[in-house]
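# next one to model:
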Amino acid sequence: CVFKPEDRLRYTSIILFFRIAVNQVRSLLLPANLLMASHGGLEQVHAKVLSLLHGVGPQVLMHRWAGQGLPATRPAGGLRAETIVAGGRVIPSVLALAQDGHREEFARVCPEALPAIVVAGDPRYDRIVASLPLRQAYRRALGVTPAQRLVFVSSTWGPRSLLGRHPDLLLRLAQELHARDHRIVVALHPSTWSWHGRRQVAAWHTDCMRLGVQLLPPEEGWGAALVAADQVIGDYGSVTSYGAALGAPVVLAAFPDDDVLPGSPSAMMGGTASRLELTRPLRAQLDAAARPLCPEQSAVFGARLTSRPGESAAILRRIMYGLLDLPEPAEPAVVERLPLPEALR
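Numbering: from 1, shown residues only. Predicted coordinates:
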């Protein structure tokens, strides 16, 4: 569990440290029927497991390990049989996928898991789409004036990410984009915050924030900021793909072409989005790439993110109540809109 004690106040669900969940569920001291999680160590939990994909699903090939052995085919992150099957059993009771194409990919890698697979759509994308009517409210919350262009910067984690490749990019943007007509909002992958710590991440970007850059906390805010954005600067991460599905003009500042999974949303984005050249002035490049995607283009991206648009809340609720052996409520499942974004102070 990566939550700090004070984080428990932000959530209405019960949060347990992993060792407690393993020991108490195994010894039947905790009558748990449902555990929602990604992968890693879940074979130790004796409970019904609902597994959800990370982000928009498999997008990047894993690093090839160092060593003297012959090179072999690299698996995609999140698309490995050893994370789904362990000890002769399929770990998740239900493996919820966002897209019909994901079913085919998982069936190829781990055919034993096919009976557990349900295509349930993308709950985050559904919430983002439901929040589109709040675009102006989000812009006001971020302090965007009618004369300003909101430039949203997204970086996933690791050495191949935007900030992993170009740690000085945010400062350059703050220096080259005049605050009179630009507002820069930044979302970093939660793993960056978890690995380095909130104080360290904030300290690295103190100079940027003094120049007006707004850094969003890892818990919430990036979805609303994406709805509010006029332009997205990103990398191969999921947030950049969400931006393209909304029709925002996307500029890629870091993109490991050889490491991206062919056929993924990220691969499609890599073939269409503009590339930022760090050896040239940034303002002119962003101006030249500021035209939004046409509705047909954004619809293609959206179709690659979910095969059940607007349905994820209903499908996932039905799955969870079924795993809990409880009757589902009669009222329809609600797709909640995203809260107003609030940058770090």
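# now do the residue nearest to E277 when sequence neighbours are not counted against P249, distance only.
Spatial nearest neighbour of E277, excluding adjacent residues (C-beta to C-beta, 6 or more residues apart in numbering): Q285 at 6.6 Å. The C-beta positions use only the backbone N, C-alpha and C, and glycine is treated the same way. Distance, Q285 to P249, by C-beta to C-beta, to the nearest Å: 11 Å.
# so which of these two has more stuff around it?
The neighbour count for Q285 versus P249, taken as other C-beta atoms under 10 Å, is higher for P249 (20 against 17).
# can you say which helix or strand has F152 in it?
strand 149-155 (DSSP states H and E).
# just the residues contacting that strand, thanks.
139, 142, 144, 161-164, 169-170, 173, 177, 181-189, 192, 222, 225-226, 228-235, 237, 239-240, 243, 248, 254, 286, 290 (C-beta atoms under 8 Å, 6 or more residues apart in numbering).
# need the helix or strand of this protein with the lowest average pLDDT.
Ranked by mean pLDDT, DSSP states H and E, the weakest helix or strand in the chain is strand 35-37, scoring a mean of 58.
# who does the following helix or strand past it pair up with?
Toward the C-terminus, strand 35-37 is succeeded by strand 49-52 as the next helix or strand (DSSP H and E). Note on strand 49-52: by DSSP bridges, its sheet partners are strand 35-37 (parallel), strand 94-97 (parallel).
# average pLDDT across strand 49-52?
Here strand 49-52 scores 88 as its mean pLDDT.
# okay, now the unreliable bits of the chain?
In the predicted model, the chain carries pLDDT under 70 at residues 1-16, 21, 24-40.
# would you map the strands across the chain?
Applying DSSP state E to the chain gives strands spanning 35-37, 49-52, 85-86, 89-90, 94-97, 117-119, 149-155, 182-188, 214-215, 231-234, 250-252, 274-275.
# for the nearest residue to L278 once chain neighbours are set aside, which residues are in contact?
Distances taken as C-beta to C-beta, 6+ apart put H166 closest to L278, at 6.0 Å, once the chain neighbours are dropped. Counting by C-beta under 8 Å, 6+ apart, H166 makes contact with A253, A254, L278.
# picking up where we left off before, my understanding was that the residue nearest to E277 contacts T279; is that so?
No - applying C-beta atoms under 8 Å as the test, Q285 and T279 come out as separate, 10.7 Å apart.
# between strand 182-188 and the strand holding F152, find me the angle.
Relative orientation of strand 149-155 versus strand 182-188 (axes from the mean of the first three to the mean of the last three C-alpha atoms, to 10 degrees): 20 degrees.
# strand 149-155 pairs with which strands, and in what direction?
strand 182-188 (parallel), strand 231-234 (parallel).
# so can I have a markdown table of the ones you listed showing mean neighbour count and distance to H46?
Formatted as a markdown table, the strands paired with strand 149-155 follow (neighbours: other C-beta atoms under 10 Å; distance: least, C-beta to C-beta, whole Å):
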| stretch | mean neighbour count | distance to H46 |
| --- | --- | --- |
| strand 182-188 | 24 | 35 |
| strand 231-234 | 27 | 40 |
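# a markdown table please, covering the ones you listed and showing distance to V90.
Converted to a markdown table, those look like this (distance: least, C-beta to C-beta, whole Å):
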| stretch | distance to V90 |
| --- | --- |
| strand 182-188 | 34 |
| strand 231-234 | 34 |
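# out of these, which comes closest to A76?
Nearest to A76, of all the strands paired with strand 149-155, is strand 231-234, at 19.4 Å by C-beta to C-beta.
# and that closest one, how far out from the chain's middle?
15 Å (C-alpha atoms, centre = their mean, to the nearest Å).
# identify the residues contacting that strand?
Residues outside strand 231-234 that contact it (C-beta under 8 Å, 6+ apart): 149-155, 162, 173, 226, 240, 243-244, 248-253, 276, 286, 289-290.
# which among those residues end up buried?
Among the contacts of strand 231-234, those buried by neighbour count (16 or more other C-beta atoms under 10 Å) are 149-155, 162, 173, 226, 240, 243-244, 248-253, 276, 286, 289.
# shared neighbours, Q285 and P249?
Between them, Q285 and P249 share these contacting residues under C-beta under 8 Å, 6+ apart: S274.
# related to what we said a few turns ago, the strands of the chain: which one's closest to L261?
Closest approach to L261 among the strands of the chain is made by strand 94-97 (14.9 Å; C-beta to C-beta).
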